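Chemist: coords please:
(chains A and B)
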Amino acid sequence: MGSPCAFKLYHSDQSVLDRAIKLAQQEVVRLEKKYSRFLATSELSLINAQAGLAPVQVDNETAGLLNYAAMCFELSDGLFDITSGVLRRIWDFKSSRLPSQQQLDDTLPVVGFDKIHWDGQKIALPNNMEIDLGGVVKEYAADCARQVLLDHGITHGLVDLGGDICVVGCQPNDQPWSMGVRDPENPNQAAVTIPLMSGAIATSGYYERFMVVDGQRYCHIINPKTGWPVQFCATVAVVSSRCLVSGSLATIGMLKQQGAVSWLAAQEATFFLQDTHGQRFGSLSGPPKSVQP
Amino acid sequence: MVKQREAAVAVTKRLNKNSALSALTLSAMAIPGMSNAAVVPENKTLSVRYTQYQEEDMPQERVVGLNTQRYSIDVLQVRYFTPVDEKYSLDTSVQYETLSGASPYDNTLNSNGQTVVNLSGATIEETRVDASVAGTRYFKEGTLTSSVYASKENDYQSLGLGLSGSLEINQKHTTLLGSISTSFDELSPTPLGSTLAGSRLEADGQSKRSFSVYEGVTQVLNKFSTLQVGIGYTRLSGYLSDPYRSADRRPDTREQTTVTAQYRHYLTQMGGVAWHLDYRFYQDDWGVLANTFTSSVWKDIDVFGLHITLAPNVRYHWQHAADFYTLAPTGDRSGDYYSDDFRLSAYGAISVGIDMQYHHNNTVFNLGFSQYNSAENWGLSGSQDSETPALVNFTTLSLGVEYHF
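Modeler: Residues are numbered from 1 along each chain as shown, chains lettered A, B, ... in the order given. Purely as a prediction, here's the structure:
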């Protein structure tokens, strides 16, 4: 998945544990292979390869993810957009150089989920457009891995896919897990610690990938409408019953910028938000309390 | 520990139905990997289908007597499918058939030395009712279905039981399929005061049993194609002769083996076309050996703003005759077993048809038509000495409405 993955599991029977871990790992690898944009043979690559050519019939799982992405696009007023990956081509965070306005003007026309044809079964991408499910698949994989573990008898444990964490069950001593949300100004420290008995937490932050040009920080989360990286939020962490939902709400929070706090509150999200001035918002920003999503 | 848990402040919220949180949670739950059950169909389906099956008249010169009319069958089927809870579904259907017309019961030679067919004199008027119920349990990796079936007509009744399952393995790229079924039939042919009274009386109260097993595997070959292959075995036992033929004596067991392959290919050309190619090999211990190829193409088109699916199809079938198939005239029959049933003869058949579907909101309208023709010299191999004057040609027309809610 391109980031560290960890399972923390407890079970009295080692063979149950071994089998569950093996199957959960397989599930994560399956999803990685199916939706990787780096593998030419992945389903995602096959869909992108047909851009401008023909509609592609997708299976139930891909259909579910595309429906979900469509819902995110709608609920975020077009900010959460799986077609915005092409902007990465002009935003090279290793170069310390900003793209030119010409580059932006050339790329923005091939961004927009509303430009693709998705009828619930077949997807057709206009020429030069592509989709990237990177923003949903890691979180979805964490949920799927949790489901596999639950199905195979694991009752205590958690799944951590690069910081997107699903609780399979509380700690063996009936204690909640302590989830530290990284301090965006000092990523080796926790900004807050959230005790979690169940559910999932996902975090999005401007410290993950960024560059500084003329003293201004440009992070990897890009507004698909302007083509420019978002400002305002340093990190957003969301707790909900599903990692996928936590992850998308956190990303939409980042994309909403100044409107994030009121939007997340209006969605009744359980969240922690720290802006670039260090100011904290959300029900998780107070003293630690156990959370049940 | 309990105390600590009590002390912990639980942040619980009643989900506002309009919030993005609840909308996304519901949407996420609809993705297959998110829940522990296999994908259970979410909708109920009510469908009604009418089918008209019409056999072509026999040519006058090959018939004894003036009646050349063969069977005409009307079928009305009502089906109701519903999910039950989150892991089960129930599929029920009732079918009502009316049959009229005549069928060949014997043959003889005319003055030109040509075989001519005797069609049952009195036009038969019969009705048949059947009902079936199937329950399916959905698991994360498969399904299990049990079914029961019963049919009744005035001279025949049947009861069937079945069990089938599917199991997805190899990261859902491979599906294993299996089924077993059995049926118990009872014959009660009407002993009319005709030449057939003898065989009908003999058959009265006789029974017939069947036992079938099928094993198959479906493999996703790549993004665009799947292949299903299967092998089936059926054993029939009991009274297998046809009481409505004047001279028909068949073995009291029949063992049938089938090998099937179904290939599905989605072509991205021409805006997306699905191509189906099916092959079936059949062999039984009566000497019948058959090959059947079916091919269809499924294409969505827009006509005057209406979204219609068209599926033209073609089927070719040829078979070798049963060892005891014979047209030998009455009085000259030899061997333990004999039958002049054209379905046990060597022949080839071609059918051509088209199915159309029109979707409007939650309703699907179906219209289908097919024309079936058969001939002795269409078989590629295994022709017999005797001819088959009673081979049938027929048309099938069906109309259906399916409502999902």
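Chemist: so which strand or helix has residue B:149?
Modeler: strand B:142-153 (DSSP states H and E).
Chemist: Then residue B:348?
Modeler: strand B:347-360.
Chemist: Need the residues that contact that strand.
Modeler: Residues outside strand B:347-360 that contact it (CB atoms under 8 Å, 6 or more residues apart in numbering or on different chains) are B:296, B:306-319, B:364-380, B:388, B:391, B:396. Heads up, the C-betas are built off the backbone N, CA and C, glycines and all.
Chemist: again, only this time at 6 Å
Modeler: B:307-318, B:364-374, B:376, B:378-379, B:388, B:391 (CB atoms under 6 Å, 6 or more residues apart in numbering or on different chains).
Chemist: Report the buried residues of it.
Modeler: B:347-349, B:351, B:353, B:355, B:357 (16 or more other CB atoms under 10 Å in any protein chain shown).
Chemist: Compute the inter-axis angle for the helix or strand just after it and strand B:347-360.
Modeler: Of the helices and strands lying after strand B:347-360 in sequence (DSSP H and E), the nearest is strand B:363-375. Here the directions of strand B:363-375 and strand B:347-360 differ by 170 degrees (axes from the mean of the first three to the mean of the last three CA atoms, to 10 degrees).
Chemist: Which strands and helices lie in contact with strand B:363-375?
Modeler: strand B:347-360, strand B:394-404 (3 or more CB pairs under 6 Å, 6 or more residues apart in numbering or on different chains; DSSP states H and E).
Chemist: Minimum distance to residue A:163: which of these has it?
Modeler: strand B:394-404 (41.5 Å; CB to CB).
Chemist: follow-up on the earlier one: output the helices and strands packed on strand B:363-375 in JSON lines; the columns should cover mean pLDDT.
Modeler: Output for the helices and strands packed on strand B:363-375, formatted as JSON lines (pLDDT from 0 to 100):
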{"stretch": "strand B:347-360", "mean pLDDT": "92"}
{"stretch": "strand B:394-404", "mean pLDDT": "94"}
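Chemist: of those strands, which approaches residue B:187 most closely?
Modeler: strand B:394-404 (24.6 Å).
Chemist: which other residues reach the closest one?
Modeler: B:43, B:45-55, B:362-372.
Chemist: Just the buried residues of these.
Modeler: Buried, going by 16+ other CB under 10 Å: B:45, B:47, B:49, B:51, B:53-55, B:364, B:366, B:368, B:370, B:372, out of the contacts of strand B:394-404.
Chemist: all strands for the stretch 51-200 of chain A, in order.
Modeler: A:56-57, A:117-118, A:122-124, A:156-161, A:164-169, A:177-183, A:186-196, A:200-205 (DSSP state E, counting those that start in this stretch).
Chemist: Does chain B have contacts with the last one?
Modeler: No: with CB under 6 Å from any CB of the partner chain as the measure, strand A:200-205 is seen stopping short of chain B, the closest distance being 10.5 Å.
Chemist: Please compute how far that strand lies from its chain's middle.
Modeler: 7 Å (CA atoms, centre = their mean, to the nearest Å).
Chemist: Now that strand - C-alpha only, PDB.
Modeler: Extracted in PDB, the C-alpha atoms of strand A:200-205 (Å, rounded to 0.1, in the frame of the first residue of the first chain):
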ATOM      1  CA  ALA A 200     -12.000   3.700  13.000                       C
ATOM      2  CA  ILE A 201      -9.900   6.800  12.800                       C
ATOM      3  CA  ALA A 202      -8.300   8.400   9.800                       C
ATOM      4  CA  THR A 203      -6.200  11.400   9.500                       C
ATOM      5  CA  SER A 204      -5.200  13.800   6.800                       C
ATOM      6  CA  GLY A 205      -2.500  16.400   7.200                       C
END
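Chemist: If I take that strand and strand A:186-196, what angle do their directions form?
Modeler: Using the same axes, to 10 degrees: strand A:200-205 against strand A:186-196 is 160 degrees.
Chemist: pLDDT averaged over strand A:200-205, what's the number?
Modeler: Mean per-residue pLDDT for strand A:200-205: 92.
Chemist: who does that strand pair up with?
Modeler: With DSSP bridges as the test, strand A:200-205 is paired with strand A:164-169 (antiparallel), strand A:233-240 (antiparallel).
Chemist: ok and the shortest one relative to strand A:177-183, angle-wise?
Modeler: Which is strand A:164-169. Using the same axes, to 10 degrees, the inter-axis angle of strand A:164-169 relative to strand A:177-183 is 170 degrees.
Chemist: and strand A:164-169, how far from the chain's centre?
Modeler: 14 Å.
Chemist: Which residues are in contact with the closest residue to residue A:168 other than its chain neighbours?
Modeler: Excluding the flanking residues, the one nearest residue A:168 by CB to CB, 6 or more residues apart in numbering or on different chains is residue A:157, at 4.2 Å. Contact partners of residue A:157, counting by CB under 6 Å, 6+ apart, are A:8-10, A:168.
Chemist: Dump these to JSON lines, plus neighbour count, pLDDT and secondary structure.
Modeler: Below are the contacts of residue A:157 laid out as JSON lines (neighbours: other CB atoms under 10 Å in any protein chain shown; pLDDT from 0 to 100; DSSP: H, G, I helix; E, B strand; the rest coil):
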{"residue": "A:8", "neighbour count": "14", "pLDDT": "87", "secondary structure": "strand"}
{"residue": "A:9", "neighbour count": "20", "pLDDT": "87", "secondary structure": "strand"}
{"residue": "A:10", "neighbour count": "14", "pLDDT": "85", "secondary structure": "strand"}
{"residue": "A:168", "neighbour count": "24", "pLDDT": "90", "secondary structure": "strand"}
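Chemist: Send me the longest helix along chain B as PDB with only the CA atoms.
Modeler: Using DSSP state H to define each element, chain B has its longest helix at helix B:20-29. In PDB, the C-alpha atoms belonging to helix B:20-29 read as follows (Å, rounded to 0.1, in the frame of the first residue of the first chain):
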ATOM      1  CA  ALA B  20     -22.700  13.400   5.000                       C
ATOM      2  CA  LEU B  21     -21.600  11.100   7.800                       C
ATOM      3  CA  SER B  22     -24.800   9.000   7.600                       C
ATOM      4  CA  ALA B  23     -24.900   9.200   3.800                       C
ATOM      5  CA  LEU B  24     -21.300   8.100   3.400                       C
ATOM      6  CA  THR B  25     -21.700   5.300   6.000                       C
ATOM      7  CA  LEU B  26     -24.700   3.900   4.100                       C
ATOM      8  CA  SER B  27     -22.900   4.200   0.800                       C
ATOM      9  CA  ALA B  28     -19.800   2.500   2.300                       C
ATOM     10  CA  MET B  29     -21.800  -0.300   3.700                       C
END
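Chemist: Run through chain A and note the low-pLDDT ranges.
Modeler: Along chain A, the parts satisfying pLDDT under 70 run over A:1-3, A:286-293.
Chemist: other SSEs contacting the longest helix of chain B?
Modeler: Helix B:20-29 sits against helix A:60-75, helix A:243-256, with contacts defined as 3+ CB pairs under 6 Å, 6+ apart.
Chemist: Can you tell me which of these is nearest to chain B?
Modeler: Each of these has some distance to chain B by CB to the nearest CB; the shortest is helix A:60-75, at 3.2 Å.
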